[in-house]
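>>> only geometry, no sequence info:
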């Protein structure tokens, strides 16, 4: 039986984690008086998702979620499309 240590050493895997705080602060500042729309103060360090609506009518949804083959990306597209009343290809 191979030990866990030997398995990891033989596999040569590299796992890197990265966290960025700066972009979240910038994104939170793009909507002036956002607390007026939400009914509560918005902490800049808590913003992790946003929508970008482009001039041609397309929408890009940015989230911190990763699609690992479970259909999360499609589900988010469907929810955003339904709420914004736009087709999925936009």
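Alright, I've got the coordinates. Everything quoted here is computed from the prediction, not taken from an experiment.
>>> Give me the neighbour count for residue 85.
By the criterion of other CB atoms under 10 Å, residue 85 has 6 neighbours. Heads up, the C-betas are built off the backbone N, CA and C, glycines and all.
>>> measure it to residue 68 for me?
29 Å (CB to CB, to the nearest Å).
>>> same deal with residue 60?
For residue 60 relative to residue 68 (CB to CB), the value is 21 Å.
>>> Which one's more surrounded, those two?
Comparing residue 60 with residue 68 by other CB under 10 Å, the one with more neighbours is residue 60, at 11 against 8.
>>> Hmm, that one is touching residue 52, no?
Yes - checked against CB atoms under 8 Å, the pair residue 60 and residue 52 is within contact range at 4.4 Å.
>>> low-confidence ranges in this structure?
Low-confidence segments of the chain (pLDDT under 70): 4, 7-47.
>>> show me where it has strands.
Secondary structure of the chain (DSSP state E): strands at 50-53, 59-62.
>>> Check which helices and strands the last one sits against.
What that stands for is strand 59-62. strand 50-53, helix 72-84 (3 or more CB pairs under 8 Å, 6 or more residues apart in numbering; DSSP states H and E).
>>> List the buried residues for that strand?
residue 61 (16 or more other CB atoms under 10 Å).
>>> Next: stretch 61-70.
Buried, per 16+ other CB under 10 Å, within stretch 61-70: residue 61.
>>> got a list of contacts for that stretch?
With CB atoms under 8 Å, 6 or more residues apart in numbering as the test, stretch 61-70 has contacts from 48-52, 72-73, 76-77, 80.
>>> Just the buried subset of the residues you listed, please.
residue 80.
>>> And the contacts of stretch 61-70, which two are furthest apart?
52 and 72 (19.0 Å; CB to CB).
>>> any idea how far residue 70 is from residue 76?
Distance from residue 70 to residue 76, by CB to CB: 12 Å.
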